[in-house]
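Novice: sharing a sequence plus its predicted fold:
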Amino acid sequence: MSSISQLRRILGTCRTLAVVGLSPQWHRPSFFAAKYMQAHGYRIVPVNPGAQEILGERCYSSVTAAAQALREQGVQIDMVDCFRRSEDIPPIAQEAIAIGARCLWLQLGVVNEPVAEQARAAGLEVVMDRCVKIEHARLFGGLNWAGVNTRVISARRPQQLPY
């Protein structure tokens, strides 16, 4: 289980995110989360072999290919953020370990304890079953971004009843 201080530290220090499974479709959760993080100053590195470019960034076929290309620019991937099913995580985790990432982040609904233990043993921090966008918004004050603050839920009583 990740503590608030651990999540705050990870999100405060990991500024380059390789997003595995980032969709080019604007309505997909991966696109929304990556767009949010990009808007908040994070460098997004899309990993999707089926796309050329997402969010204005070149796509890569694998985490390893992305790390090699960025290394030539003097950039290190800090976090590998996974929008893939739990059973697809082992090879992605191996790549994260091999490139020297600092964090393996598994999105909501993605849990793989054996892989998490392996990554921790290799020195990576592991966050499972959490959304990077939600945690950033919760810890750094972005809950009103892109329609979350709709004023549908409010502590104030309405002046008129809606009916």
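Specialist: Arrived safely. Numbers count the residues shown, from 1 in each chain.
Novice: may I have the lowest-mean-pLDDT helix or strand in the chain as PDB, with CA atoms only?
Specialist: Least confident helix or strand of the chain, by mean pLDDT, DSSP states H and E, is helix 132-140 with a mean of 91. What follows is helix 132-140, C-alpha atoms only, in PDB (Å, rounded to 0.1, in the frame of the first residue of the first chain):
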ATOM      1  CA  VAL A 132      -1.600   8.800 -11.700                       C
ATOM      2  CA  LYS A 133      -4.000  11.600 -12.700                       C
ATOM      3  CA  ILE A 134      -6.300  11.100  -9.700                       C
ATOM      4  CA  GLU A 135      -3.400  10.900  -7.200                       C
ATOM      5  CA  HIS A 136      -1.800  14.000  -8.700                       C
ATOM      6  CA  ALA A 137      -5.000  15.900  -8.500                       C
ATOM      7  CA  ARG A 138      -5.700  14.700  -5.000                       C
ATOM      8  CA  LEU A 139      -2.300  15.600  -3.700                       C
ATOM      9  CA  PHE A 140      -1.400  18.700  -5.700                       C
END
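Novice: in that helix, what's buried?
Specialist: By 16 or more other Cβ atoms under 10 Å, the buried positions in helix 132-140 come out as 132, 133, 134, 135, 136, 137. Yep, even glycine has a C-beta here, placed from its N, CA and C like the rest.
Novice: bridging residues for residue 80?
Specialist: Note on residue 80: beta-bridge partners residue 18, residue 104, judged by DSSP bridges.
Novice: now for it, how many residues are close by?
Specialist: 30 (other Cβ atoms under 10 Å).
Novice: before we move on, what about residue 27?
Specialist: 7.
Novice: for residue 116, list the residues it contacts.
Specialist: 104, 106, 126, 128 (Cβ atoms under 8 Å, 6 or more residues apart in numbering).
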